[in-house]
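**Q** Just to be clear, the model below is a prediction. Sequence and coordinates:
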Amino acid sequence: MSQQAHPFNGLGMHLGNLSRLSNAQTRSISAENFTGEKGKGGMAIAGTGANAARELGQGWKVSPSVSIAPRTTFTLAQIEGSGAIQHIWMTMFPDKWRRAVLRMYWDGEATPSVETPVGDFFCCGWGVRCNVASLAVCVNPAGGFNAYWEMPFRKSARITLENLADDPLVCYYQITYALTHVPEDAAYFHAQWRRSNPLPYKSVHTLLDNVQGKGHYVGTYLAWGVNNNGWWGEGEIKFYLDGDEWPTICGTGTEDYFGGAWNFEHPKGEYGVFCTPYSGLPQVIKPDGLYQSQQRFGMYRWHIADPIRFERDLRVTIQALGWRSDGRYLPLQDDIASTAFWYQTEPHAPFPALPARDGLEVI
């Protein structure tokens, strides 16, 4: 393989180039090594595991996690230099998944390039555990969050976690990265969360708007709560590229965009839960006949093999459509929370303000 094919010199590896040597330096940040410094892991003498390790002492899982105080923000990682984050593993109790906000800042920027509730970033938007098996995101039993998006930075990287809850948040995490040269044509990773709850009648849900710069769109996660009987996924997703008045890319239906067909119905009378490398419907939450009155769904679509390129701006929307009498479409007023993933040049346009805690809550 040529250097042009692998500009990070072995950083983004796959089976075809695992044998190639690289000058990149692997580092990892966790509660056992807050700085990622070489040879400084496992040295803690205080931490959340100190009591359990009281008879064993230093080196014996003294600091496996952090406890983040209520209504405060904790810096998970502060990295200086150039390189790329390669893997993030994290876990916390599900009741915190919409009460914890993950943010990422590249090269000292003032506003985050990633801002999303932690559960939605890992395709678990409803505070209910489900397994996800995909290339970019894996959620493993029981609530082990894994992200494999490549996240380059040239000067620095900062990752924070805000606890919006009124009680402490215990978070276990590990952030693995490489210190290495980043080529000129490597763009910066972004993720943005938005919610329409409920979606106004005859309106569309906007996933992204006012994205300014050159880049490519790489993924969608939707946490979709249905408020009507009947099928809910007739709506089209639309990508407006570089000043489009009408979209350049227009889908044919919600389940079609997520790689399914015919209402995801398989077997008959059931939603067919599935996970593939690039798309999936990993979560179907059914009403329980008492407190959970509505159906809820979690879906992902990764544009890894088919990134959507834009030169200067991007807007993405999706419709919510069902059916009414006489075979007519019904514009729905559902609860739609989206997380959009893309790469672009910096600077990026500031994101819309996240709603307050009540606007994030699973209800």
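**A** Alright, I've got the coordinates. Numbering: from 1, shown residues only.

**Q** Kindly provide the distance from the nearest residue to Ala44 once chain neighbours are set aside to Glu32.
**A** Leaving aside its sequence neighbours, Ala44 sits nearest to Ser63 (CB to CB, 6 or more residues apart in numbering; 3.6 Å). For every residue, glycine as well, the C-beta is placed using N, CA and C. Distance, Ser63 to Glu32, using CB to CB, to the nearest Å: 5 Å.

**Q** Can you name the element that comes right after the helix or strand in which Val139 is found?
**A** If you go by DSSP states H and E, Val139 is part of strand 137-140. Downstream of strand 137-140, the first helix or strand assigned by DSSP H and E is strand 144-147.

**Q** elements contacting that following strand?
**A** The criterion is 3 or more CB pairs under 8 Å, 6 or more residues apart in numbering; DSSP states H and E, and the helices and strands that strand 144-147 contacts are strand 83-91, helix 118-121, strand 137-140.

**Q** mind checking which of the ones you listed is nearest Asp326?
**A** Checking those against Asp326 by CB to CB gives helix 118-121 as the closest, at 37.0 Å.

**Q** Return the backbone torsion pair for Tyr344.
**A** Actually, residue 344 is Gln rather than Tyr. Gln344 adopts backbone torsions of phi -160, psi 170, taken as degrees, to the nearest 10.

**Q** quick one, what contacts it?
**A** Counting by CB atoms under 8 Å, 6 or more residues apart in numbering, Gln344 touches 187-188, 190, 211, 213-216.

**Q** can you do 7 Å?
**A** 187-188, 190, 211, 213-215 (CB atoms under 7 Å, 6 or more residues apart in numbering).

**Q** do Arg27 as well
**A** By CB under 7 Å, 6+ apart, the contact set of Arg27 is 36, 177, 179.

**Q** Who does it form a beta bridge with?
**A** Here Arg27 sits in beta bridges with Tyr177, going by DSSP bridges.

**Q** Give me the pLDDT for it.
**A** Arg27 carries a pLDDT value of 98.

**Q** where's Ala186 relative to Ala136, distance?
**A** From Ala186 to Ala136 the distance is 17 Å (CB to CB).

**Q** For the two, indicate the residue with more neighbours.
**A** Neighbour totals were compared for Ala186 and Ala136, and Ala136 leads with 21 against 18 (other CB atoms under 10 Å).
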